[in-house]
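>>> Here is my input, please return the structure:
(one chain, ligands or ions: 1)
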Amino acid sequence: MKRVRVPLGERSYDVVVGHRAVAELASMVPAGCRRAAIVTQAGVPLTVDPGVPVTRLEIGHGEQHKTMATVEHLCRRFAEIGLTRHDLVIGLGGGMVTDVAGFAASVWHRGVPVVHVATSLVAMVDAAIGGKTGVNLVEGKNLVGAYWQPRGVICDLDALTTLPARELRCGSGELAKYHFLTGDDLLAMDETERIARCVQIKADIVAADEREGGLRALLNYGHTLAHALETATDHELAHGEAVAIGLLYAAHLAESMGRIGAERVEQHRRVCRSYGLRTALPVGLDPADLVRLMGRDKKVVGAGLTFVLDGPSGVEVVADVDPAVAEAALRTFRG
Ligand code: GLY
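Below is the predicted model of the structure:
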């Protein structure tokens, strides 16, 4: 079992990673808590016992349920069960559950404690850590949300043994990016150590830049093209799958801009392949369309495109990339 601290002053908390980590849940329940609302989904492979009476509230599967309506429904159930500021919300599930449960906790009574029990690889290495919460609007993904740090996070690796292969692959897309944020050889580590190391890398970044004033944007490595691919394929390509393609494209683009050499690009390819990730662009997509979509990325600030790119001093945010350069790199990108 590994324990990683997210150091945020009086809002600091632990992330516990390992098999049977769920046994640590009771130790994260605030003193004086009289009940907990468990926000979860049907089919989540873990049961939890926080040691106080619980009410289980299920939300639907799929992005169409990641809405303000779901948050309103949860808050009305919180009212029915009399959930107070001394009580607890538990987000039990993957990234969608921890995003929605965290957001509901952040707005109920202007903020009640939340503990996340992450059951997917995406939630363990990314979504459940760092306090980003939110829901979608018709106008776009994750447009409404809040930073609301949990009191603790549990990554029980037993949950991964039943995770469908595609979901595991999606988590691997997020995991692959951590290889390039620090240079650690994550492939040489066992599963517990590797997931705990990703949590540690994210914890360090969140501690340095909780509200994404700069450094935290590095966690979006590979995401500029990924978001465009998700939109262009109407989400046929899942987020983590798109991130893998986005990582290799970011390396190819960095090479075309003279920032890194071919060996470093090859290293990106090797890491993605070693997790069984596909890195070629889906057929039939128009590079000009993808460039247009990349221009709508939340990171864009100026006239050009904004990417997170590798370079001589490591991975950094690069603004004002000429759209023509990005399009040319897409046309020569072989995955
Ligand atoms: N998923 C990126 C972040 O938490 O900042």
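
>>> Nearest spatial neighbour of the residue in the stretch 201-335 of the chain that the ligand sits nearest to, chain-adjacent residues omitted?
The nearest approach of the stretch 201-335 of the chain to the ligand comes at Leu219, 4.0 Å away (C-beta to the nearest ligand atom). Every C-beta, even on glycine, is put in place using the N, C-alpha and C of the backbone. Spatial nearest neighbour of Leu219, excluding adjacent residues (C-beta to C-beta, 6 or more residues apart in numbering): Ile205 at 6.2 Å.

>>> Just confirm that neighbour is within a helix.
Yes. Counting by DSSP: H, G, I helix; E, B strand; the rest coil, Ile205 is part of a helix.

>>> Please, where are all the helices along the stretch 101-250 of the chain?
Ranges of helices in the stretch 101-250 of the chain, per DSSP state H, counting those that start in this stretch, are 121-122, 165-182, 191-208, 223-232, 239-256.

>>> Return the residues of the stretch 201-335 of the chain in contact with the ligand.
216, 219 (C-beta under 6 Å from any ligand atom).

>>> By residue count, what's the longest strand in the chain?
Identified as the longest strand of the chain according to DSSP state E is strand 140-147.

>>> List the buried residues in it.
141-142, 145 (16 or more other C-beta atoms under 10 Å).

>>> picking that back up, what pLDDT does the residue of the stretch 201-335 of the chain closest to the ligand get?
pLDDT for Leu219: 97.

>>> again, but for Lys299
66.

>>> other SSEs contacting the host helix or strand of Glu72?
Taking DSSP states H and E as the definition, one finds Glu72 inside helix 68-81. Applying 3 or more C-beta pairs under 8 Å, 6 or more residues apart in numbering; DSSP states H and E, one finds that helix 68-81 contacts strand 36-40, strand 54-58, helix 95-107, strand 132-137.

>>> does any part of the last one sit near the ligand?
Yes. Contact between strand 132-137 and the ligand is present through Lys132 (criterion: C-beta under 6 Å from any ligand atom).

>>> neighbouring contacts of that strand?
Applying C-beta atoms under 8 Å, 6 or more residues apart in numbering, the contact partners of strand 132-137 are 63, 66-68, 70-71, 98-103, 105-106, 142-148.

>>> so what strands line up beside it?
strand 140-147 (antiparallel) (DSSP bridges).

>>> coming back round to it: from the buried residues of strand 140-147, which one has the minimum pLDDT?
Comparing those by pLDDT, Lys141 comes last, at 81.

>>> Does that one touch Gly95 like I think?
No. Contact between Lys141 and Gly95 fails when scored by C-beta atoms under 8 Å: they sit 11.8 Å apart.

>>> so how far is the helix holding Glu72 off the chain centroid?
Its chain's C-alpha centre and that of helix 68-81 lie 24 Å apart, by C-alpha atoms, centre = their mean, to the nearest Å.

>>> before we move on, what about stretch 154-172?
13 Å.

>>> same question for that stretch, mean pLDDT?
Stretch 154-172 comes out at a mean pLDDT of 95.
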